[in-house]
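A.B. asks: Fold the stuff below for me.
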Amino acid sequence: MREAEIRARAAKFADQAETAMGKLGDEVRAEIEELADQVAASAEQTYRQARRRVRGSARAVADSVEERPLTSVVAVGLLCGALGFLLARR
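C.D. replies: Okay, the predicted model is just below:
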């Protein structure tokens, strides 16, 4: 009889442990999903900010080129010359 009682208690303990692990797994899953949602929202916000800044910078460059086309051509020529000089030294 003692052995049957030990087996019953062990089975009950195993069921309780399994239930506890299931609850823990559900909590961990919910927490991970919440963190994933926060990361996705943050990434989307960062992408929107970067896109706004790039568009603003492109607009500023376009305005500058329209206002001073000769200066822009000279600046690009100097930049390309410097880049060519640096690459030729390799």
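A.B. asks: Please state the offset of the biggest helix by length in the chain from the chain centre?
C.D. replies: Assignment by DSSP state H gives helix 2-67 as the longest helix of the chain. Its chain's C-alpha centre and that of helix 2-67 lie 12 Å apart, by C-alpha atoms, centre = their mean, to the nearest Å.
A.B. asks: what's the model's confidence in the following helix or strand past that helix, averaged?
C.D. replies: Toward the C-terminus, helix 2-67 is succeeded by helix 69-88 as the next helix or strand (DSSP states H and E). Averaging pLDDT along helix 69-88 gives 93.
A.B. asks: between helix 69-88 and helix 2-67, how many degrees?
C.D. replies: 120 degrees (axes from the mean of the first three to the mean of the last three C-alpha atoms, to 10 degrees).
A.B. asks: Give me the residues contacting helix 69-88.
C.D. replies: Helix 69-88 is contacted from outside by 64-65, using C-beta atoms under 8 Å, 6 or more residues apart in numbering. Placement of C-beta: from N, CA and C, glycine included.
A.B. asks: repeat that with 10 Å
C.D. replies: 61, 64-66, 68 (C-beta atoms under 10 Å, 6 or more residues apart in numbering).
A.B. asks: Pull out the buried residues from the residues you listed.
C.D. replies: Buried by 16 or more other C-beta atoms under 10 Å: nothing, out of the contacts of helix 69-88.
A.B. asks: Which strands and helices lie in contact with the longest helix of the chain?
C.D. replies: helix 69-88 (3 or more C-beta pairs under 10 Å, 6 or more residues apart in numbering; DSSP states H and E).
A.B. asks: Thanks a lot, see you next time.
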